[in-house]
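**Student:** Below are the sequence and a predicted model; questions follow.
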Amino acid sequence: MLLIKGGRVIDPANGRDEIGSVVVDGDTISAFLPAGSEPSNFEGQVIDATGKWVVPGLVDMHVHLRDPGFEWKEDIRTGTAAAIAGGFTSVVCMANTNPVNDLPDVTRGILDRTREAGSADVFPVAAVTRGLEGKEMVNFSEMAAAGAIAFSDDGKPIENALMMRRALEYAKGFDYLILAHSEDHALCENGAANEGDTALRLGIPGIPAEAEEVAIARDILLAKLTGGRLHLQHISTKMGVGLLRMAKRMGLRVTGESAPHYFALTDAAIEGYDTNAKMNPPLRGEEDRLAIIEGLADGTIDAIATDHAPHEDYVKRCEFISAANGIIGLQTALPLTLALVREGKLSPAQLVSLLSANPAAILRLAGKGALSQGADADVTVVDPDAEWNFTSDEVLSKSKNSPFLGCKMKGRAALVLRAGRVAYSKMTGVSVDA
Amino acid sequence: MRKTDRKVLLDSQGIERVLSRLTHEIIERNRGAENIVLVGVCSGGVPLSQAIREKIREIEGVEVPAGFVDITLYRDDLSKTVFQPQLKRTEIPFSIDERKVVLVDDVLFTGRTIRAAMDALIDLGRPRAIQLAVLIDRGHRELPIRADYVGRNVPTSWEETVDVRVEGDRSQWCVELNQIVSPKGE
Amino acid sequence: MEWRRRHVLGLSDFSPEEMEFVIDTARSMEEVLTRDIKKVPALRGKTVVNLFFESSTRTRTSFEIAGKRLSADVVNFTSSSSSTTKGETLLDTARNIESMKPNVLVVRHSASGAARFLSQHVGCSVINAGDGANEHPSQGLLDLYTILKAKGKIAGLKIAIVGDILHSRVVGSDLHSLGRMGAKLWLCGPATMVPKALEKTGARVTWNMREAVKDADVVMMLRIQSERTKSPWFPSIREYSRNFGLNRALFSLAKDDAIIMHPGPINRGVELSDELADCASSVVLDQVASGVAVRMALLYLLAGGSHAAH
């Protein structure tokens, strides 16, 4: 038995935001106790969370663990270690590994390695099409049976509209979810940064916002056509948010996510050809950034996901247009989102919804995203005021590609419980369970 | 670097007298001014060569060609400077082939400038002879170079500088000897 | 003023004084080029490596001659590997060259920012000889110098630049060099290649050739790449030439003493009609001559000095 005492318990799935305590029995949550009703003689470990937030373990629905195939960038051990340090007890890993996760054995391998070396739960996403080539669909039900929880060709768009239609339509029959990397490849051409003043000045070929928006519009219309469940990944533009808002008003089964860098940074960050600010979709303009924040605040955007994309140094230490896309994000998502709470853009409950309850609900992860009785005892104790520097020493990923390196951060996970065991602790007197 | 012990070696009148004498020597040595061209070494040699040119005109009634040469690109210490010295202009708008070139400079010191100036001249043509006229010879030669016409021999130490001010109004021209005093630790 | 730069990566941070300083040095260099013996010993014992990842015979030759006029040893390293072909990384290549102890790397690369990137990772001086669509500073300076020689000033001149502005590193530098010296720049070409957003640089954008050329003091025509019809940026060379080629009739709209410039190589009959390419108003060959002087100036200013020595 374990008692997390005196914290601000924020559990939007249960409509709760009050001071109280959470009782853990084994690997599940056994009770919430309102302030003042704690037992005086609790038999078991007591963790004092006074002044901190007690929230369901965070869920990152968009992570590249690079395992199998690119283990020099990241593997399940290091990726989940970074996740836990960032407050995430569940991560959803994309299929663009080597081999691609388009066969049950690949999925099973990921789950096996998670059991051996994972410090967070890993939920694999299977490819929509074999080899991410956009030509033949994978065996959806076979992949689901092996443990895949959704389908995505992330890293690449499904260029053929007919293929997207069929995937959404076929998946609907089993009630599977398609995660869409919406991008019109032809419109991107050889672009390497947001089409805007900065790229123009630096002479970098641009990627217009419309390359994303045209594809989002197409995917939403195909969701309308098919009635399939669609989730839009890494939305980065103002119109992208607007299109998602429209889809929701139309009552379509469409959800969407954005990533912390899209609300924390703009394309000004590529100044000096900083390859650590290069990703796809690219960092956009200030209008887009503000629209993302608005979309998060008004509930249009359902989830914040990191698109954690580790890359070794040398594929980033090169000329900008040749540099690999993506940044690591697991350890910076929580403080960057907390900044929006401090700015009054999001309530603490919204933060928890975006980083835990909503992604768990979208993906139907049983026992995740809520502190309900009987739920998995995945709990993140957040110290919203802790100040720290995101130095390369802090990075637990194998790769250190982040534009936030060297930045001052405010707020972090103070303690993380996974399945009832202390998996991470910054609290004095509380040690990690062996 | 601070300089003290200012000592005037030549005032404007002194410079005029010296230049007149140098001009006479040049004319005498070359038996007239017919085949002479004057080339001033940038920067100090340029106004001096102009002054000599005027004096030749006054004495001989001859307009001798005059130009100037910037020796920066021929310096032997370019690799030792931290940043490259600013270039000045070389302008010798006449042929020096088979002419007697009188190179004019303000101070003859190590001889390296004159070595560079001679290299520059030889790149420009094949003079019949090169002669050297200097206002001040302060000694300390590092190369086997000797002036044909010397305005004033001034024995100096390494800690001294000879400052020749020959810009603008000729009534303000002067030559000073200054002592360099380096504060400790400089 | 005193020259303090170790690298010349672009003109975006050059002050007018610095540009004038380079031009002034180039004037002295140009005098050397008028001599019978067009060589001075200034950079004796120094090594200049032309590191070209894109073929550009002209720029490379210009830097090569500039280096040799100053008595530097000039070595050409040409690599056809584009940024997309796998193999040795740009950094590895540069470090290999650096191990041979050059004093100056002259870098041409298809990626914007490539020269800046190298300057951050090698110990010697770097001159950007064109990086992607970003900058080509020696071209920007030689254009400035050429116009100064022809017109005696820059401020107030109407300078029309016509062609593929979007992909032009020449324009990238000219916007700084000519713009900062007070020229009224007009950018013209097909709308696909001349985004309106360029007006934020202070230049005027027009898609109408007559408007661009009218009363211009300088008309600068850029080389059009036929590959651009594939993407497609415009329908065909024929269609391009019809709208954005300079001919006698169009040029008559410019001032009587207007000059024609072109960074070369010229597509005769495309950007410039045959007769205009050779007419008295053309200063194209003077640009080439100015280019050597400007590059001598840059090499002299960077290669000397103990800061660059190994």
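**Tutor:** Perfect, I can see it now. Residues are numbered from 1 along each chain as shown, chains lettered A, B, ... in the order given.
**Student:** burial of the nearest residue to C:Leu175 once chain neighbours are set aside, as a residue count?
**Tutor:** Counting by CB to CB, 6 or more residues apart in numbering or on different chains, C:Leu175 lies nearest to C:Thr201, which is 5.0 Å off, once chain neighbours are set aside. Backbone N, C-alpha and C define where each C-beta goes, glycine included. C:Thr201 has 18 neighbours, counted by other CB atoms under 10 Å in any protein chain shown.
**Student:** Torsion angles phi and psi at C:Thr201?
**Tutor:** For C:Thr201, the backbone dihedrals (degrees, to the nearest 10) come out as phi -80, psi -10.
**Student:** How about the one 3 residues further on?
**Tutor:** For C:Arg204, the backbone dihedrals are phi -100, psi 140 (criterion: degrees, to the nearest 10).
**Student:** Let me see the confidence value for A:Asn41.
**Tutor:** Listed pLDDT for A:Asn41 reads 84.
**Student:** tell me which element it falls in.
**Tutor:** Under DSSP states H and E, no helix or strand contains A:Asn41.
**Student:** what separates it from chain B, distance-wise?
**Tutor:** Distance of A:Asn41 to chain B, computed by CB to the nearest CB, to the nearest Å: 74 Å.
**Student:** Could you do A:Ala144 as well?
**Tutor:** Taken as CB to the nearest CB, the span from A:Ala144 to chain B is 69 Å.
**Student:** In contact with that residue, which residues?
**Tutor:** A:Ala126, A:Phe174, A:Tyr176 (CB atoms under 8 Å, 6 or more residues apart in numbering or on different chains).
**Student:** In strands, which of the residues you listed appear?
**Tutor:** Residues of those located in strands (DSSP state E): A:Ala126.
**Student:** ok, and the most crowded of the contacts of A:Ala144?
**Tutor:** A:Ala126 (28 neighbours).
**Student:** okay but that residue is in contact with A:Asp102, surely?
**Tutor:** Yes. Between A:Ala126 and A:Asp102 there is a contact at 6.5 Å, judged by CB atoms under 8 Å.
**Student:** overlap in contacts of the two?
**Tutor:** With CB under 8 Å, 6+ apart, A:Ala126 and A:Asp102 have common neighbours A:Ala95, A:Val138, A:Met143.
**Student:** Could you look up the SS state of the most centrally placed residue in chain B?
**Tutor:** In chain B, the residue lying closest to the centroid (CA atoms, centre = their mean) is B:Asp105, at 0.3 Å. The assignment at B:Asp105 comes out as strand when based on DSSP: H, G, I helix; E, B strand; the rest coil.
**Student:** Name the residues of chain B found near chain C, please.
**Tutor:** B:70, B:72-75, B:78-84, B:86-91, B:119-120, B:123-125 (CB under 8 Å from any CB of the partner chain).
**Student:** Can you spell out the domain ranges of chain C, please?
**Tutor:** C:16-136+C:289-303, C:137-284 (automatic domain parsing).
**Student:** Any part of the shortest one near chain A?
**Tutor:** Yes. Contact of domain C:16-136+C:289-303 with chain A (CB under 8 Å from any CB) involves C:83-84, C:89-91, C:109, C:111-114, C:116-117, C:121, C:131-135.
**Student:** Buried ones among those residues?
**Tutor:** C:83, C:89-91, C:109, C:111-114, C:116-117, C:131-135 (16 or more other CB atoms under 10 Å in any protein chain shown).
**Student:** What about the residues you listed, which are in strands?
**Tutor:** C:His109, C:Asp131.
**Student:** dump the residue contacts of A:Ser356.
**Tutor:** Contacts of A:Ser356 by CB under 8 Å, 6+ apart are A:Val55, A:Pro56, A:Gly57, A:Leu58, A:Val59, A:Lys368, A:Gly369, A:Thr380.
**Student:** Show me which residues of the stretch 151-300 of chain A are close to chain C?
**Tutor:** Counting by CB under 8 Å from any CB, the stretch 151-300 of chain A sits next to chain C at A:Glu189, A:Gly196, A:Asp197, A:Leu200, A:Arg201, A:Leu202, A:Gly203, A:Ile204, A:Pro205, A:Gly272, A:Tyr273.
**Student:** What is the neighbour count of A:Glu38?
**Tutor:** By the criterion of other CB under 10 Å, A:Glu38 has 15 neighbours.
**Student:** Skipping its backbone neighbours, what lies nearest it in space?
**Tutor:** A:Glu38 sits nearest to A:Ser21 (CB to CB, 6+ apart), 5.2 Å away.
**Student:** What is the burial count for the one you found?
**Tutor:** That count, for A:Ser21 with other CB under 10 Å as the rule, works out to 25.
**Student:** part of a helix, is it?
**Tutor:** No. Assigned with three-state DSSP, A:Ser21 falls outside any helix and is strand.
**Student:** was I right about it contacting A:Phe32?
**Tutor:** Yes. In this structure, A:Ser21 is within contact of A:Phe32 by CB under 8 Å, at 7.3 Å.
**Student:** what do those two both touch?
**Tutor:** Listed contacts common to A:Ser21 and A:Phe32 are A:Val9; contacts here mean CB under 8 Å, 6+ apart.
**Student:** Quick check: next helix or strand after the strand or helix carrying C:Leu144?
**Tutor:** In the assignment (DSSP H and E), C:Leu144 maps to helix C:137-151. Once helix C:137-151 ends, the next helix or strand along the chain (criterion: DSSP H and E) is strand C:158-162.
**Student:** relative to strand C:158-162, how tilted is the next helix or strand after that next one?
**Tutor:** Moving toward the C-terminus from strand C:158-162, the next helix or strand (DSSP H and E) is helix C:169-180. Here the directions of helix C:169-180 and strand C:158-162 differ by 170 degrees (axes from the mean of the first three to the mean of the last three CA atoms, to 10 degrees).
**Student:** can you give me phi and psi for A:Ala95?
**Tutor:** Dihedral angles for A:Ala95 - degrees, to the nearest 10 - are phi -90, psi 0.
**Student:** where does the closest residue to chain B within chain A land in three-state SS?
**Tutor:** Proximity of chain A to chain B (CB to the nearest CB) peaks at A:Gly272, 25.0 Å away. Under three-state DSSP, A:Gly272 falls in the coil class.
**Student:** can you check the one 10 residues further on too?
**Tutor:** With three-state DSSP as the basis, A:Pro282 sits in coil.
**Student:** That one against A:Asn194, yeah?
**Tutor:** Yes. Proximity of A:Pro282 to A:Asn194 meets the contact threshold set by CB under 8 Å, at 4.3 Å.
**Student:** Looking at the two, which is more packed in?
**Tutor:** Using other CB under 10 Å as the criterion, A:Pro282 and A:Asn194 rank with A:Pro282 on top: 29 against 25.
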